[in-house]
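Novice: turn this into a structure:
(3 chains, ligands or ions: 2)
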Amino acid sequence: MSQGHTGKENKLREPVQIGGAIVRLEKVSRVYQQGKVEVKAVDDLSLIINKGEFTVISGPSGSGKTTTLNMIGALDIPNSGTVELEGRNLGTLSRTQLSELRRDRIGFVFQAYNLAPVLTAYENAEFVLALQGVPAARRRERTMKVLDEVGLNGLEDRRPDEMSGGQQQRVAIARAICPRPAIVLADEPTANVDSHTAESILTLMQQLNQTDGITFLFSTHDPQVMERARRIITMRDGKVFDDITKSF
Amino acid sequence: MLVKLAWRSLWRRKRRTFITCFTVAGGILLSVVFTGSGDYTYTQIIDTSATMGLGHITVEPKGYNDIPTLQKRMKNTSLVRETALNIPRVTAAAERITGMAMFASAAKSVGGIFFAVDPAHETAKINTFVRAMVEGEMPPDADGRKIVIGAKMAEKLKIGLGKKLVYTMTDVDGEIVSEVGRVSGIFKTGVEEVDGAFALIPINRMRKVLKYAPDEATMVAVFIDDQRRVDGVGGLIASALGNDSLEVLNWKTTQKEVSGMIKVDRSGNYLSQFLVGLLIAAGILNTIFMSVLERQREFGVMLAVGLKPGSLFRLVVLESLFIAIVGLIMGIILTAPFFYYLYYQGLDLRQFADNMEGYAVGGTVVDPIMKIRLFKESAIAILIGVFGLTILAGLYPAWRAGRQAPVESLKTI
Amino acid sequence: MPNKNIINAARGLSAVILTVILSTGAMADAETNQEKAVRILERVDDMWRGESSRGVFSMEVRTKRYKRKLSLEAWSKGKDLSLVVIKAPVKEKGTATLKSGTSIYTYLPKTDRTIRLTSGMMMGSWMGSHFTNDDLVKESRMSDDYDVSIIFDGERDGQMVYEFELIPKPDAAVVWGKITIAVRQDDLMPIVSTYFDEDMEKMRTMDFFDIKTMGGRKFPATLRVTPEDKPDEYTEVVYHEMEFDIPIDDSDFSIAALKRSK
Ligand SMILES: Nc1ncnc2c1ncn2[C@@H]1O[C@H](COP(=O)(O)OP(=O)(O)OP(=O)(O)O)[C@@H](O)[C@H]1O
Ligand SMILES: [Mg+2]
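Specialist: Ligands and ions are numbered 1, 2, ... in the order given. Sure thing, here's the model as predicted:
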C-alpha cells in the first residue's frame, strides 16, 4: 500500500468496458443475525475487478473481507444488490449452476486445511478436473504440468500430513488453477505459513497472473501480499474505505 | 474418485471403522446362527413331525381335519397313493388309518392313538416309530395281529414283546369294537407323551375291525424332499387327483401346534435379530455421523471447489456401503468356523440341560443336537438386512452432510 | 353259572362277572373234560336265566383315597338292555347308566345331559369303582373267547367243588391270560374267580358270598372285586332285592327313559 490514485465508490459506479470487468458488485449488502443484533458484514458495497488484476482486499478484522470474497465466489448470497461474475448475475443461478460455476470458473485457496486429507498431492490437484469429468489422460497431463509449475515435482504421492504448510498451499494453488479459472479467490493464503514460504507462494501466484493472465483476488492483512498487489482495496465496516491502484 | 475418497476416508479412523465393521460381522454371525439354526431346527421339526403320522402333505376326506372320526374315510387309497407317488418331489406315500383307541392289558388300560399302516410301505425314513424301534420289529404283514407300541405304553401296561393287549375303539357304525394284538416291536423316541400313547397296527386288520372296505383309509400321508415346497406339491397332487371329496392339506394345517410353535419361535427370532440389527445400525449411524461432523471443513472445501451436494450425499452413503461390505467379509470369516462346526458337528444341547434324552415341540420329537443349515432365501434375507440397515444408517448423516452450506462448513476450523 | 342270574339281575353292573361266568354257559354235549365243563357251566347259567329282572343293590368302593357307598336300582331285559340308576347319596341321585347293545350312555340329572361313552372311555372306571365301563359292555360268550376245562373236582375247605380253568382263545379280544372259577358242587354257587395275566400272574380276585334266595332264585348276594396290586382296595356289591321275569318294555331302555328316571 503506497501511492496511487484513489478510486472512490461513485467513480467506480461509472460504466466500465464490459470486456474489462470480471467481477462486478453493485450495492451489495450482507447482514448477519448474531443473536438479536444485526451485523452489517458488507454494507451497500459496489466494486469492479477487471480481468488480469492482482488485487488485495485489506482492512481490519471483521471489516467484511471474507464475506465479500465469499459472495464473489458464489459461496454466500447477498441480502440485497447484485453480484456479477463474467457478466452473469449470480442471483439468477440455481444451486447446481452455482456449484458448476465455482467448479469451472473460480479457483479457491483458503487459509488452511485446504486439502482432502486422504488424497495425495496429485489427487488433490486433479480433484476439480475430475469433478469436471475431464478424461484421465488429459487430466494427468494438465495436473502434472501444473504441479511442476508450482514446484511440487516428485511430491505427487505425498498426503497432506506428509507435506509442509507451504507445500500444502502450493497443492491448493495447483488445484485452483488446474481448470484454468477466470479468477482465483485467496482468503489469507499466507496466514499460516512463515514469511519465506509466503514469499515463494506469492511469487508463484504472481507468475501465474502474469504468464497465464489469471485474475487473483486476495483477502489479507499481510503486508507481504500488499507489497506485490497492484491494487489495494481497504475495507472498513463493510464499506470500501480506500481503493488504491499502484502505478509502476 | 468418490469411491477412492470414501474408501480412504473410512480407514482414516482405522480402529473406529474396524470396530464398526466388527459389530456388523458379529451381527452377521448372530443372524446366521439364529436363522441357520432356525432353518435347520424348523426343517427338522417339520420333517420329524411329518414322520409322526401325517406326512408333509395329507390327502384325506373333506372335513376330516376339522372333526376327525373313524367314520370319515376315503376310498381307493392305493390309487391315491400311486397318484401321489407320480408327482415330482414326492419321495414316499403311505395309506393310513388313524384314530383313538383304548389299549388294555390284564394290568391296566391306557388311552392312545393308533396308526394303522401297511408295514410294506413304512420305512424308518417316513416313520418316526420305525426309526425309534428299540426292541423287536415291524409287523410282517398288513393282515396280522402283530402291533408296535411305545416303550412307555408297554411299561404302563406291564407288557413286553410277544405279549397281548386288547385295543378298543368305535367302528364305522359307532359300535364299540375290540381286537387283540400281540406286541412285535417297541419304540422309544425319548418323549414320554409319544412313547406312552402311540401304536402301529397292521392296516388290513384294522380295516376288518372297523368294518372298512379293503381299499379304505382315513388318509394317505405324502412325503416330499423339501418341506418348503408343500404348497406347490400339494396343489399338483390335488389337481392330479381331481376329486372333490378329498382334501389335500399340509403340515401347516394338520399340525397346527407345530406350525404355531414355529411361527411364534420364528417371529421371536426375527424380532431379536431385528433388535440386534437396530443396535448395530445405531452403531454405524454413530460412526458415520461422527466422521461427517469431523469432516465438515473438508466437505466445505470440496463443496466450495465445485463438488455437488448430491455427490457428497453419495460419498457418505458409499462409506456406509463399504462398512457393510467389509463387515460382510469379516462376518463371513468370523462365521465360517462356527458355521462349519455347527453344520457338521452340531451342538449337543444335552450338555446344557439334564434329563434331555429327547424333547418335544408341539408333540414332535426333536433331535437334541442343534445343527445349522442356511436356506438360500435366508442367506439373501441376511444380506439384504445387512446392506439395508447399514445404508439406512448412513442416510441421515449423508443427508446432513449434503445439506450443509459450504460457507458454514468452511467456518469450522 | 351263578353269575348269569346276577347279570340278568343287574346286567351291566358286573360285566366282569358276566364275562367270566355268563359266557361260560353256552354249550354242553359230550363228555370230554372240556365238554363237561361247558355243560356244567351252562346248566348253572340256565338255572338263573330270566327274561327280565329288577333289582336293588348297594355298591361300596374303597380306594386309598376314599370310601364311598352307592345305592342303586337296576333293570334288565334280554342280553342287550340294562339300566342302572343311583338312588343315594342325594348328590348323585338320578345318575343313570344305560347299556343298549354295545353302547353305554350316562345321564347326569344335574346338567340334564346324556353322554355316550366313546371307546376311549371304555376302560375308565364305572362310577369310581373297580369295574370298568368295558366290564359292563362285554357281551361275548365265554365259550367263544375261552377254552374251558375242569382242573379240580373234589373236596376243598370241607365242601365239594369244581374248579374251572378258562384259557382265552388266541384271537379273543380278552386281556387275561387265564381265569379260574371255583363253584360249589351241591348247588353250583360260585365261590371265587381269579384273573391272571399271560405270565400267570394273579391280577384280580372276585369273591362271592352270602348266598340267599331272592325273587325265587338262589344266588350269592355279595360279590367283591379286589385288584391284586392294591390289596387294600375293593369294590363290593350287595343285592338287597331281586325280581325276575317281570313285565318291562324295550322303550324303558332309551335315552328318554334315562331322563324320566330322574
Ligand atoms: N456466518 C456469520 N454469522 C454471523 N456473523 C458473521 C458471519 N460471518 C461473518 N460475520 C460477521 O460479519 C462481519 C464480517 O466478517 P468477515 O469474516 O467478513 O470479516 P473479515 O474482514 O474477513 O475479518 P478477518 O480479518 O477477521 O477475517 C464480522 O463482524 C463477523 O463477525
Ligand atoms: Mg476473513
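Novice: worst-scoring helix or strand of chain A, pLDDT-wise?
Specialist: helix A:9-12 (a mean of 34; mean pLDDT, DSSP states H and E).
Novice: next, the buried residues of the helix or strand just after that helix.
Specialist: Next along the chain after helix A:9-12, taking DSSP states H and E as the criterion, comes strand A:21-34. Across strand A:21-34, burial judged by 16 or more other Cβ atoms under 10 Å in any protein chain shown covers A:21-26, A:28, A:30. C-beta here means a position set from N, CA and C on the backbone, and glycine is covered the same way.
Novice: redo the residues you listed as TSV? Include distance to chain B and pLDDT.
Specialist: Formatted as TSV, those follow (distance: Cβ to the nearest Cβ, whole Å; pLDDT from 0 to 100):
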residue	distance to chain B	pLDDT
A:A21	23	88
A:I22	18	92
A:V23	17	94
A:R24	21	93
A:L25	17	94
A:E26	21	94
A:V28	15	95
A:R30	11	94
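Novice: near chain C at all, the strand or helix carrying B:V209?
Specialist: Using DSSP H and E, B:V209 sits within helix B:203-210. No. Applying Cβ under 8 Å from any Cβ of the partner chain, one finds helix B:203-210 separated from chain C by no less than 9.2 Å.
Novice: next SSE downstream of that helix?
Specialist: Counting by DSSP H and E, what follows helix B:203-210 is strand B:219-224.
Novice: gap between that following strand and the chain center?
Specialist: Relative to the mean C-alpha coordinate of its chain, strand B:219-224 is positioned 18 Å out (Cα atoms, centre = their mean, to the nearest Å).
Novice: now the element after that strand, going C-ward?
Specialist: Strand B:219-224 is succeeded, C-terminally, by helix B:230-241 (DSSP H and E).
Novice: ok, residues contacting that next one?
Specialist: If you take Cβ atoms under 8 Å, 6 or more residues apart in numbering or on different chains as the criterion, helix B:230-241 is touched by B:56-57, B:59, B:80, B:83-84, B:86-90, B:222, B:224, B:246, B:248-252.
Novice: cool, stretch A:94-102 as well?
Specialist: A:73-75, A:85, A:88, A:90, A:93, A:108, B:303-309.
Novice: and for stretch B:146-163?
Specialist: With Cβ under 8 Å, 6+ apart as the criterion, stretch B:146-163 contacts B:103-105, B:107-110, B:112, B:129, B:133-136, B:138-140, B:165, B:167, B:181-189, B:192, B:194-202, C:197-198.
Novice: ends of that stretch, how far apart?
Specialist: 10 Å (Cα to Cα, to the nearest Å).
Novice: show me which parts of it are buried, residue by residue.
Specialist: Of the residues in stretch B:146-163, those buried (16+ other Cβ under 10 Å) are B:146-154, B:156-159, B:163.
Novice: circling back: distance to ligand 1 for the buried residues of strand A:21-34 - can I get that in CSV?
Specialist: Below are these laid out as CSV (distance: Cβ to the nearest ligand atom, whole Å):
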residue, distance to ligand 1
A:A21, 22
A:I22, 21
A:V23, 16
A:R24, 19
A:L25, 14
A:E26, 19
A:V28, 12
A:R30, 8
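Novice: next up, the contacts around C:I115.
Specialist: Contacts of C:I115 were listed using Cβ under 8 Å, 6+ apart, and they are C:105-108.
Novice: return the member of the residues you listed nearest to C:E236.
Specialist: C:T106 (22.0 Å; Cβ to Cβ).
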